[in-house]
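Student: Below are the sequence and a predicted model; questions follow.
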Amino acid sequence: MPVYEAAGRRSGLTKQQKKEQEAALYGLSANDMQEQFSSEDIEKMRAFIAQHDTKHKGIKEFDLNNPPKEPYTHQPFPAILYGHEGRKHIVVKNRKEEEAAIEAGYVKEAFPREAIAVEETLGAAESEEIARLDKIARQPKKK
């Protein structure tokens, strides 16, 4: 018989026979499949589960794409100290290392910005236009 014919065929078994077959399939006796708990037992189990749920909070759900974040707390170390003479920097892990680095000539302020050399080929009109646009760009944004 083709497979497609077997799929649509219904079983001629009664509910009791189906239970017995399922029990045999899973290796259980027919008695194991029957209801073993009284209504009092079921109510006791429900009360136990309710008590458990009140003690142990449910699973805290959160979005995996946006997990909860801990608020930022400032930590003074590790920190970076700068040596301006040789354009070096050092990472210090505690107050003692910081004091030793400061004695060695390092400072907390970062390197000063270097001036960018502008080509001298610009005309007076172009220089004025650049200064005007730079002034506009540096204004605070209006809300």
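Tutor: Alright, I've got the coordinates. Residues are numbered from 1 along each chain as shown.
Student: tell me the average confidence for stretch 27-43?
Tutor: Summarised as a single mean, pLDDT over stretch 27-43 is 72.
Student: okay, how far is it across it, tip to tip?
Tutor: For stretch 27-43, the first-to-last residue distance is 29 Å (C-alpha to C-alpha, to the nearest Å).
Student: residues near residue 106, how many?
Tutor: 19 (other C-beta atoms under 10 Å). Quick note: C-beta positions are derived from backbone N, CA and C, even for glycine.
Student: Please tell me how far it sits from residue 94.
Tutor: Separation of residue 106 from residue 94 (C-beta to C-beta, to the nearest Å): 15 Å.
Student: biggest helix in this protein by residues?
Tutor: Under DSSP state H, the helix in the chain containing the largest number of residues is helix 39-55.
Student: Which SSE is immediately downstream of that one?
Tutor: strand 79-83 (DSSP states H and E).
Student: buried residues in that next one?
Tutor: The neighbour-count check on strand 79-83 (16 or more other C-beta atoms under 10 Å) flags 79, 81-82 as buried.
Student: Would you mind putting the CA coordinates of it into CSV?
Tutor: The C-alpha trace of strand 79-83 is given here as CSV (Å, rounded to 0.1, in the frame of the first residue of the first chain):
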residue,chain,number,x,y,z
ALA,A,79,44.3,56.0,34.7
ILE,A,80,46.6,57.3,32.0
LEU,A,81,49.3,59.9,32.7
TYR,A,82,51.1,61.7,29.9
GLY,A,83,54.8,62.7,29.3
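Student: Okay, now the sheet partners of the helix or strand just after that strand, with direction.
Tutor: Sequence-wise, the next helix or strand downstream of strand 79-83 (DSSP H and E) is strand 88-92. Applying DSSP bridges, strand 88-92 is found paired with strand 79-83 (antiparallel).
Student: so residue 81 makes contact with residue 106?
Tutor: Yes. Residue 81 lies in contact with residue 106 (C-beta atoms under 8 Å); the separation is 3.8 Å.
Student: Return every residue with contacts to both of those two.
Tutor: Common contact partners of residue 81 and residue 106 (C-beta atoms under 8 Å, 6 or more residues apart in numbering): 89-90.
Student: So what's the gap between the longest helix of the chain and the chain middle?
Tutor: 35 Å (C-alpha atoms, centre = their mean, to the nearest Å).
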